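Student: Dropping the sequence and predicted coords here.
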2 protein chains.
Amino acid sequence: MASDQTRSAILAAAERLYADRGFGDVTLRDIVAEANVNLAAVNYHFGSKDELIAELFVTRSIQTNRERLNELRAAEEKGGGRAAIEDIMRALVGPTLRGCLGPDREGSTAARFMIRASIESVPPIRRIKNREVDHLRKFAAAMRRAMPGRDDTELYWGLHFALAMAHHTIREKERLLRLSEGKCDLDDVRAIIDRVVTVSVMALTIGDVPSRPATRPTLVHGRLTRQDL
Amino acid sequence: MASDQTRSAILAAAERLYADRGFGDVTLRDIVAEANVNLAAVNYHFGSKDELIAELFVTRSIQTNRERLNELRAAEEKGGGRAAIEDIMRALVGPTLRGCLGPDREGSTAARFMIRASIESVPPIRRIKNREVDHLRKFAAAMRRAMPGRDDTELYWGLHFALAMAHHTIREKERLLRLSEGKCDLDDVRAIIDRVVTVSVMALTIGDVPSRPATRPTLVHGRLTRQDL
DNA sequence: TTGCATTTCAAACATTTGTATGAAACTATC
DNA sequence: GATAGTTTCATACAAATGTTTGAAATGCAA
């Protein structure tokens, strides 16, 4: 068998098994059985189990990051170099949410693998995630261009909350479904993205609206009002 | 030695070690060495390693849940049976954030353990978390009383997003710190709670404000506008 | 003290798991 | 078709780990 076939078979089997049963449950022996290759093949082709997991995660992360940056670039071109803030947030959370939610995505191994990686955080994946900061800085820069003059702190918090809502929705979609007794439609990805983007942009405009509606009178405390003064 | 002393020593040692080094890194032998008890004591007193972890997590969860419900009850008494929505959200996210963030909390083993449990999700903990839905329903009910007539779906999404921001801030505080180059002050717990509560309530008022400020014109899509019609 | 129940202890068990080895099979180049 | 490089394979290795065991120690009541 050509060397690449074995490599690919291992990657595919590992991703499928990890996605279905989690990292803690799947051994190399499970993987090689599923891939119909020899046990030693994993170490021969990848060096170690951790490097196999890392390669899986890096591959999928790069795909997501590329999609994000493509959307961001498209938004910036649309806006003549300066993207609208909602388009930036959409580029940030859209690819991840589209990749991991939705009815047809149930069968997507890649998506289920990324959800699993988000729930069970194993050392090789944690190491990679730590490098994600550089990628996020590009979004912070775009946000700064979109909202010039705004305090950087507010930008970072907005970025952080956007990721919070997106990732938590993916991580805890089962719980939200159960809590809401099915009322929250987790298959309508478009609506979810809209919702996350809307709230993210609202978070970024804290202290922005001169006169707050009377329905929420006492919400602002502490350092949140700096922009109003 | 009295039986309870051994039990307590194991619990304390296990919580400390898990908090510092994570579940994957700590073996029963590490724990009994730290606790100065015999290896077999863990199985004698707890039955199994998983039951030990479960007991640790249940204990801390109960504490948090009790704090939450106390705050909720206080808010409802203050409002004469119907708590203000921002007080409800504050009762929901306040205890967790206060427990896990802040400068002096660095030394709190319990807090660090809960952060660890949030990052590394091991099977015994996952099983317990699945039962958390019942607890959250009490908050959903309070929210329903505070915002009568509002679509339940909106309530659940707001609750979900509030937890998203709180938990993600705890999980990813290191990354946010690094991304913002220290600009986001994660020691000012009060300000963080205010921020999360503010955004949560804003999320709940989607489609609530009759005329949206011109600064965010095109944010609402899809099913988000149902309340406006 | 005697007797009974609880607790502790050292040691062994039984797996599981990732990794290494060395020979065999295969592939491609000359 | 011989040779060198690559890949596969069965098997062994070594270490870690949760759990069990049966005896010894301890505590406690009668």
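Tutor: Nice, thanks for sending it over.

Student: Longest helix in chain A, by number of residues?
Tutor: In chain A, taking DSSP state H as the definition, the longest helix is helix A:49-78.

Student: Which secondary structure elements does that helix sit against?
Tutor: With contacts defined as 3 or more Cβ pairs under 8 Å, 6 or more residues apart in numbering or on different chains; DSSP states H and E, the packing partners of helix A:49-78 are helix A:3-21, helix A:40-46, helix A:85-100, helix A:109-119, helix A:123-129, helix A:132-146. Heads up, the C-betas are built off the backbone N, CA and C, glycines and all.

Student: mind listing what's buried in it?
Tutor: Buried positions in helix A:49-78, judged by neighbour count with 16 or more other Cβ atoms under 10 Å in any protein chain shown: A:49, A:52-57, A:60-61, A:64-65, A:67-69, A:71-72, A:75-76.

Student: any idea of the angle the helix or strand of chain A with the lowest mean pLDDT forms with helix A:49-78?
Tutor: Least confident element among the helices and strands of chain A, by mean pLDDT, DSSP states H and E: helix A:109-119 (a mean of 89). What separates the directions of helix A:109-119 and helix A:49-78 is an angle of 100 degrees, with axes from the mean of the first three to the mean of the last three Cα atoms, to 10 degrees.

Student: So the closest residue to residue A:114 other than its chain neighbours versus DNA strand D, what's the distance?
Tutor: Taking Cβ to Cβ, 6 or more residues apart in numbering or on different chains as the measure, residue A:114 lies nearest to residue A:60, with 5.5 Å between them; neighbours along the chain are not counted. In this structure, residue A:60 and DNA strand D are separated by 23 Å, where distance is defined by Cβ to the nearest atom of the strand, to the nearest Å.

Student: Can you tell me how far residue A:60 is from residue A:111?
Tutor: Between residue A:60 and residue A:111 the distance, using Cβ to Cβ, to the nearest Å, works out to 9 Å.

Student: quick revisit: list the residues that contact the residue nearest to residue A:114.
Tutor: The contact partners of residue A:60, taken as Cβ atoms under 8 Å, 6 or more residues apart in numbering or on different chains, are A:110, A:113-114, A:117.

Student: Check which helices and strands the least confident helix or strand of chain A sits against.
Tutor: Secondary structure elements in contact with helix A:109-119, counted by 3+ Cβ pairs under 8 Å, 6+ apart, are helix A:3-21, helix A:49-78, helix A:85-100, helix A:152-171.

Student: Just confirm yes or no for the longest one near DNA strand C.
Tutor: Yes: under the criterion of Cβ under 7 Å from any atom of the strand, DNA strand C is reached by helix A:49-78 at A:49-50.

Student: Taking helix A:85-100 as reference, get the angle to that helix.
Tutor: Going by the same axes, to 10 degrees, helix A:49-78 makes 140 degrees with helix A:85-100.

Student: pLDDT wise, what is residue A:223 at?
Tutor: pLDDT for residue A:223: 32.

Student: What is the burial count for the closest residue in space to residue A:180 that isn't next to it in sequence?
Tutor: Residue nearest to residue A:180 in three dimensions, not counting chain neighbours: residue B:156, with 3.9 Å by Cβ to Cβ, 6+ apart. Neighbour count of residue B:156, defined by other Cβ atoms under 10 Å in any protein chain shown: 20.

Student: Same check on residue A:198?
Tutor: Neighbours of residue A:198 under the rule other Cβ under 10 Å: 22.

Student: what about the helix or strand hosting it, distance to the chain center?
Tutor: Secondary structure here is read from DSSP states H and E; on that basis residue A:198 sits in helix A:189-204. The gap between where helix A:189-204 is centred and where its chain is centred comes out at 14 Å by Cα atoms, centre = their mean, to the nearest Å.

Student: Indicate whether that helix makes contact with chain B.
Tutor: Yes: contact between helix A:189-204 and chain B, assessed by Cβ under 8 Å from any Cβ of the partner chain, occurs at A:190-191, A:194-195, A:197-199, A:201-203.

Student: Pop the domain breakdown of chain A in here.
Tutor: Following the assignment in automatic domain parsing, chain A carries domains at A:1-47, A:53-205.

Student: Next, format the ones you listed as TSV and append distance to residue B:131.
Tutor: Converted to TSV, the domains of chain A look like this (distance: least, Cβ to Cβ, whole Å):
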stretch	distance to residue B:131
domain A:1-47	19
domain A:53-205	10
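
Student: so what's residue A:50 up against?
Tutor: Residue A:50 touches A:123-124, counting by Cβ under 8 Å, 6+ apart.

Student: quick one: the longest helix of chain A to helix A:132-146, angle?
Tutor: Helix A:49-78 and helix A:132-146 meet at an angle of 10 degrees, taking the same axes, to 10 degrees as the criterion.

Student: if you average pLDDT over helix A:49-78, what comes out?
Tutor: 95.

Student: residues near the nearest residue to residue A:187 once chain neighbours are set aside, how many?
Tutor: Take residue A:187 and drop its neighbours on the chain: the residue closest to it by Cβ to Cβ, 6+ apart is residue A:103, 4.3 Å away. Other residues within reach of residue A:103 by the criterion other Cβ under 10 Å amount to 11.

Student: how close does residue A:103 get to chain B?
Tutor: Counting by Cβ to the nearest Cβ, to the nearest Å, the gap from residue A:103 to chain B is 16 Å.

Student: so how far is residue A:188 from that residue?
Tutor: In this structure, residue A:103 and residue A:188 are separated by 9 Å, where distance is defined by Cβ to Cβ.

Student: Same check on residue A:9?
Tutor: Here the distance between residue A:9 and residue A:188 works out to 36 Å (Cβ to Cβ).

Student: do residue A:99 as well
Tutor: In this structure, residue A:99 lies at 15 Å from residue A:188, with Cβ to Cβ as the measure.

Student: Between those two, which is the more surrounded one?
Tutor: Set side by side, residue A:99 and residue A:188 show more neighbours around residue A:99, with 20 against 16, by other Cβ under 10 Å.

Student: Relative to DNA strand C, how far out is that one?
Tutor: Using Cβ to the nearest atom of the strand, we find residue A:99 at a distance of 26 Å from DNA strand C.

Student: ok, that residue touching residue A:112?
Tutor: No: counting by Cβ atoms under 8 Å, residue A:99 stays clear of residue A:112, with 10.2 Å between them.

Student: quick one: buried residues of stretch A:79-95?
Tutor: Within stretch A:79-95, the residues that qualify as buried are A:83-95, counting by 16+ other Cβ under 10 Å.

Student: go on, stretch A:174-181?
Tutor: Within stretch A:174-181, the residues scored as buried using 16+ other Cβ under 10 Å are A:175-176, A:179-180.

Student: show me the contacts for the residue nearest to residue A:51 when sequence neighbours are not counted.
Tutor: If you skip the residues right next to it in sequence, residue A:51 has residue A:124 as its closest partner in space, 7.4 Å away by Cβ to Cβ, 6+ apart. In this structure, residue A:124 makes contact with A:50-51, A:53-54, A:57, judged by Cβ under 8 Å, 6+ apart.
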